[in-house]
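Visitor: this one's sequence-less:
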């Protein structure tokens, strides 16, 4: 395993353990970026985003499952098999359906 793969695996594991109270997902043509927010307030919480991990879109698989009213999104790095599970909440999920649709479109 390369140094970059090892670092990415560790970052995904840390994000899964809840190192940040809030995560932001940003999709570019090449990658899905996972950014951590230390503040979850409606004002100012977007100013200090920290890169947590990234997954190349060509190595990304997405799964969805529902527990009651909570949607759990699984983002899998297919090169390592590591999964980042994200709880999607109704408030703050702006653009989430579009993001998932774009990723699922890549998988077809």
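Guide: Alright, I've got the coordinates. Because the structure is predicted, anything quoted here is derived from the model rather than measured.

Visitor: which stretches of the protein have low pLDDT?
Guide: 1-18, 40-46, 89-95, 107-108 (pLDDT under 70).

Visitor: those strands in it, which residues are they?
Guide: If DSSP state E is used as the criterion, the strands of the chain fall at 22-27, 31-37, 49-56, 60-67, 70-77, 82-88.

Visitor: just these: most buried one?
Guide: Among the strands of the chain, strand 31-37 has the highest mean neighbour count (mean count of other C-beta atoms under 10 Å), at a mean of 19. Every C-beta, even on glycine, is put in place using the N, C-alpha and C of the backbone.

Visitor: sorry, back to before: how about the strands of the chain in a markdown table, adding distance to residue 99?
Guide: Output for those, formatted as a markdown table (distance: least, C-beta to C-beta, whole Å):
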| stretch | distance to residue 99 |
| --- | --- |
| strand 22-27 | 5 |
| strand 31-37 | 8 |
| strand 49-56 | 13 |
| strand 60-67 | 9 |
| strand 70-77 | 9 |
| strand 82-88 | 10 |
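
Visitor: out of the ones you listed, flag the one nearest residue 104.
Guide: strand 60-67 (6.2 Å; C-beta to C-beta).
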